[in-house]
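Visitor: Below is the sequence, then the predicted model.
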Amino acid sequence: MTGLLELREYLKQIYAKYEVYLKPCVKFLTALVTLIAINTSMGYMSVLKHPAVILVIALMCSFMPKNFVVLVSALWIMVHSFSLAAECAAVVAAVFAIIFLLYLRFSPKDTIVVLLTPLLFAFKIPYVMPVAMGLLGGPMAVASVSCGVIVYYVIKFMTDNSAVFSATDAETGSQKFRLMLDGILDNKAMMVTIVIFALVLIIVYVIRRLAVDYAWTIAIVSGIAVCAISLLVCEFVMELQFSVIAIALGSVVSFFICLAIQFLEFNVDYTRTEIVQFEDDEYYYYVKAVPKNVLAAPEKKVKRINKQHKKMATKQEKAVSTIKTSHGVSRTTVKTDVKSKNRVKQDK
Amino acid sequence: MVNEERIKLMTRMAAYEKEEHKKNKTIVSFFKSDYISMQTLKSIVYTTIAFAIMFGLYVLYDFEIFMKEIYQMDIFEFAKSVIIVYGIFMGIILVITYIVSLYQYNRALQSTKLYYANLKKLSQDYGEEE
């Protein structure tokens, strides 16, 4: 545990020192991974799959505001959809426009959630998102996560039915359009996922705010359990073609990712909880104070352990070094040579 | 000698300035009623566009049937039902806009007040030192 806490402090120091360079790097990587993921799942336009194009766009995103990645991703999806069928592109554009006009205008900070949710779906760990937003955000994040789920299922429907959409003679334009809209509005799996994710987010949010020990851990466990069980029940009852193995493995991985988030964001020591009570003229106060697990960066300190001759003292100071660890335990290393000890005796 | 309290205060203020100050300053430059009215106006425009898109999708969904029936249907009745749906939709969005705008304004005002109080405290601190 001490090692992990030291690592966290070390990471914090690195981030503070190189923040200027790390932020563009993170944006670059986010854009790169997103564009590659879109190309892997859709990839109907070969020009957009060229590595040089992806790198240039990702590089451009690294110097722009973080929401620019979302805009580029939306355009990327629309261009691929247009390459598949113009009707698909029209429906995708309409869905994005409605999401932007009705929701993202109010909370532009949550825009990145709309991008990350489909990305996590692509990595088979979408359960991280409702739990993480329940831990770090508020109940309003339900809308952002829901928008992300809608975007994922729109893309999924297109890719699953790409053969139908790409056929030129089989379907007329209006039929393709109707098929696309039906695919969104009658998508039971999407509706079920939205409802379950909203439920999980609210459960996690409510539990983590409770004044009980290990509230965050309980919230994570409950969130992941509710999510997995609800999805499995819906799968058995409604036959939504969810993969049971994917749900199980995804839940386990998501659990560990959420624990990592907890470690970085909310790391407290419940064994040192203090409950104090005091009063003023108007109120009685019952206060529960839980100390944070904070570890100071390791530092070297020179300690003088006995009175010595001035000249010898300087030699001794160099020889004696104390490494003080953050949790109060001191390890002392003493290196003295025999000659110096004898001289001290003679002086005395 | 480094004054730790002052550094903490300045760091907090610098972080606020970097993240939110510009946005909050713009919000509190309006009166509360003006800010809410402006947001409501924006919402009317955005909601109308969104409704137009949704109506477009509805029409295109059964475009051929719609074109066949348009000559037989009661246009006024149809327009009336569309306007009622638009009104309900707009009403819901406007209520949400009012609540969100009010919350945003109050929070911006509170943050700005705190920022100026910290600024005053810092100024007094420097004054005492001199």
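Guide: Done, it's in.

Visitor: Please identify the buried residues of stretch A:247-260?
Guide: Going by neighbour count (16 or more other C-beta atoms under 10 Å in any protein chain shown), the buried part of stretch A:247-260 is A:247, A:250-251, A:254-255, A:257-258. Bear in mind the C-beta positions are built from the backbone N, C-alpha and C, glycine included.

Visitor: I'd like these laid out as a markdown table, including pLDDT and secondary structure.
Guide: Below are the buried residues of stretch A:247-260 laid out as a markdown table (pLDDT from 0 to 100; DSSP: H, G, I helix; E, B strand; the rest coil):
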| residue | pLDDT | secondary structure |
| --- | --- | --- |
| A:Ile247 | 90 | helix |
| A:Gly250 | 91 | helix |
| A:Ser251 | 91 | helix |
| A:Ser254 | 92 | helix |
| A:Phe255 | 92 | helix |
| A:Ile257 | 93 | helix |
| A:Cys258 | 92 | helix |
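
Visitor: Kindly identify which of the residues you listed also come near chain B.
Guide: By C-beta under 8 Å from any C-beta of the partner chain, no member of the buried residues of stretch A:247-260 lies near chain B.

Visitor: so A:Gly173 touches A:Ala90, yeah?
Guide: No. With contact defined as C-beta atoms under 8 Å, A:Gly173 and A:Ala90 do not form a contacting pair (9.7 Å).

Visitor: With neighbour numbers in mind, choose between these two.
Guide: For A:Gly173 and A:Ala90, the more surrounded residue by other C-beta atoms under 10 Å in any protein chain shown is A:Ala90, and the numbers stand at 20 against 13.

Visitor: Just give me the neighbour total for the residue of chain A at minimum distance from chain B.
Guide: Per C-beta to the nearest C-beta, A:Leu101 is where chain A lies closest to chain B, at 4.2 Å. Other residues within reach of A:Leu101, judged by other C-beta under 10 Å, total 19.

Visitor: Retrieve the pLDDT associated with it.
Guide: Note on A:Leu101: pLDDT of 86.

Visitor: Quick one: list the elements packing against the helix ranked longest in chain B.
Guide: Longest helix in chain B, counting residues (DSSP state H): helix B:75-129. Other helices and strands packing on helix B:75-129, by 3 or more C-beta pairs under 8 Å, 6 or more residues apart in numbering or on different chains; DSSP states H and E, are helix B:4-16, helix B:22-28, helix B:32-61.

Visitor: per-residue pLDDT, B:Gly87?
Guide: At B:Gly87, the pLDDT value in this model is 95.

Visitor: tally of neighbours for it?
Guide: 10.

Visitor: where are the low-confidence patches of chain B?
Guide: Within chain B, the segments meeting pLDDT under 70 span B:1-2, B:129-130.

Visitor: Before we move on, what's the pLDDT of A:Asp337?
Guide: pLDDT at A:Asp337 comes out at 47.

Visitor: can you give me the helices in chain A?
Guide: So, for chain A - with DSSP H - the helices run A:2-41, A:51-62, A:67-84, A:86-99, A:111-122, A:128-136, A:141-160, A:162-166, A:173-185, A:188-208, A:215-238, A:244-265, A:310-319, A:338-347.
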